[in-house]
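sequence-free structure coming up:
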């Protein structure tokens, strides 16, 4: 396993711009999760995929956020019309099945100026 | 929805001291996971507990899940500066989310 990789590691964007993050899970991991983490807080669940199906989306996720996982492989998280409150670390995790450990990427740190 | 609470929020200990971090769930846990996070980095898996009364150890870290499967503790023996970081408990919730507690920030003074 090469681990979960996220790209980019850092992103600085101006308010109002759109940004897209990518997550490559461990191969053959069916489940993929996105989280947002702000300083001093635990990871906050955003959305979850089983293969290509997006099974759950947090109510905290506004309409400006969208995620995809085409063909059940890599996933993208897009934020439209970014706001300063979107500044956070965005974490991706994958796991083989329920009741197994999830492996995390190093995260993408977004700064909205 | 599943909610996890952790205590204490932060902890500062002298090197060599023992310490315990607690994680409490509002619902029965189907699986309880402990992770460690260094500032600005991803989470590193430590241990998974699934059965009531289960206890697991890795090096100087021991985690337990109570019989009712609503509380877990993480115990570090003879702490070292390398143990410093944020400890997070995570759990599978009924809706198959994978949710986390707010974390416990551990500092170990040499």
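Yes, it's here. Bear in mind the structure is a predicted one, so any value in this text is a computation, not a measurement.

by contact count, what packs against the helix or strand bottoming out on mean pLDDT in chain A?
Every helix and strand of chain A was ranked by mean pLDDT, DSSP states H and E. The lowest is strand A:53-57, at a mean of 89. Using 3 or more Cβ pairs under 8 Å, 6 or more residues apart in numbering or on different chains; DSSP states H and E, the elements in contact with strand A:53-57 are strand A:44-50, strand A:65-68. Every residue, glycine included, has its C-beta placed from N, CA and C.

Sketch out the low-pLDDT regions of the chain for me.
As the question left the chain open, I've gone with chain A. Across chain A, the ranges flagged by pLDDT under 70 are A:1.

Please refer instead to chain B.
Scanning chain B with the threshold set as pLDDT under 70 gives B:1-2, B:94-96.

Get me the contact residues on it for chain A.
B:6, B:30-31, B:33, B:35, B:40-45, B:48, B:50, B:88, B:90, B:92, B:95-103 (Cβ under 8 Å from any Cβ of the partner chain).

Is it possible to mark the buried ones in those?
B:6, B:30-31, B:33, B:35, B:41-43, B:45, B:48, B:88, B:90, B:92, B:97-103 (16 or more other Cβ atoms under 10 Å in any protein chain shown).

which ones among those are found in strands?
Per DSSP state E, strands hold the following members of those: B:6, B:33, B:35, B:43, B:45, B:48, B:88, B:90, B:92, B:98-100.

Just send those residues back as JSON lines, with distance to residue A:39 too.
Converted to JSON lines, those look like this (distance: Cβ to Cβ, whole Å):
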{"residue": "B:6", "distance to residue A:39": "16"}
{"residue": "B:33", "distance to residue A:39": "22"}
{"residue": "B:35", "distance to residue A:39": "17"}
{"residue": "B:43", "distance to residue A:39": "15"}
{"residue": "B:45", "distance to residue A:39": "22"}
{"residue": "B:48", "distance to residue A:39": "27"}
{"residue": "B:88", "distance to residue A:39": "14"}
{"residue": "B:90", "distance to residue A:39": "19"}
{"residue": "B:92", "distance to residue A:39": "26"}
{"residue": "B:98", "distance to residue A:39": "22"}
{"residue": "B:99", "distance to residue A:39": "19"}
{"residue": "B:100", "distance to residue A:39": "15"}
